[in-house]
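**Q** coords please:
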Amino acid sequence: MAGLQPANPTRSLYVERITISLDTELAQQFDAYISQRGYKNRSEAVRDLIRDALGAERLAEEKSAQCIGTLTYVYNHHERELAARLTQAQHHHHDLALSTLHVHLDHDNCMETVVLRGATEEVRQFADSVKSRAGVRHGHLYLVPAEVEKITHTHGHGHQHEHIHSRPKL
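**A** Residues are numbered from 1 along each chain as shown. Below you'll find the model as predicted:
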């Protein structure tokens, strides 16, 4: 296998097998967890749990690390000028807030999901400023550690484009 290089250098061609021991009750709870979430096997579930734990730790330790994520919150749109202030906050942080999905839940409540990208500490500060506003409820920030780089290349039509590539860190 000498000289064989993976197509994606962040992914290994090889799988390392490990063995873990769980007491019977914990194993049964884990199997129920796997079944409820639709995993095909224990290995897939363990890999996701490890990625989540390592990613959360990396984001907690590296304040300047880059991330991608979403901020989802519910708010009362009757709250005085709240919708306008939320939109203004996103415009003010246009470098972090990439896109927003707005959903009308009922006559009083809306839900928004904002797609975010940037330095982890800045993304957290933005999310905290949104979630702490009067009238905003049920706010949740979901972050994934990422490698973010500015790329210049062509797409086959002659001229160069500069844009950002975001890759989740494994």
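**Q** Would you check how far apart the nearest residue to His155 once chain neighbours are set aside and Arg117 are?
**A** Closest residue to His155 apart from its sequence neighbours, by CB to CB, 6 or more residues apart in numbering: His161 at 6.5 Å. To be clear about C-beta, it is placed using only N, CA and C from the backbone, and glycine gets the same treatment. The spacing between His161 and Arg117, counted by CB to CB, to the nearest Å, is 18 Å.
**Q** Point out where the protein drops to low pLDDT.
**A** Confidence mapping of the chain against pLDDT under 70 gives the ranges 1-13, 62-64, 170.
**Q** what sits opposite the most centrally placed residue in it in the beta ladder?
**A** The chain has Gly69 as the residue nearest its centroid, 3.0 Å off, counting by CA atoms, centre = their mean. Beta bridges link Gly69 to Leu116, Leu143, judged by DSSP bridges.
**Q** same deal with Val103?
**A** Met111.
**Q** try His161
**A** With DSSP bridges applied, His161 shows beta-bridge pairing to His153.
**Q** burial count for it?
**A** Residues near His161, counting by other CB atoms under 10 Å, number 10.
**Q** quick one: the residue nearest to His155 from Ala119, how far?
**A** 24 Å.
**Q** tell me the contacts of the residue nearest to His155?
**A** By CB atoms under 8 Å, 6 or more residues apart in numbering, the residues touching His161 are 152-155.
**Q** Surely Val123 is in contact with Leu143?
**A** Yes - here Val123 lies in contact with Leu143, judged by CB atoms under 8 Å, at a distance of 6.8 Å.
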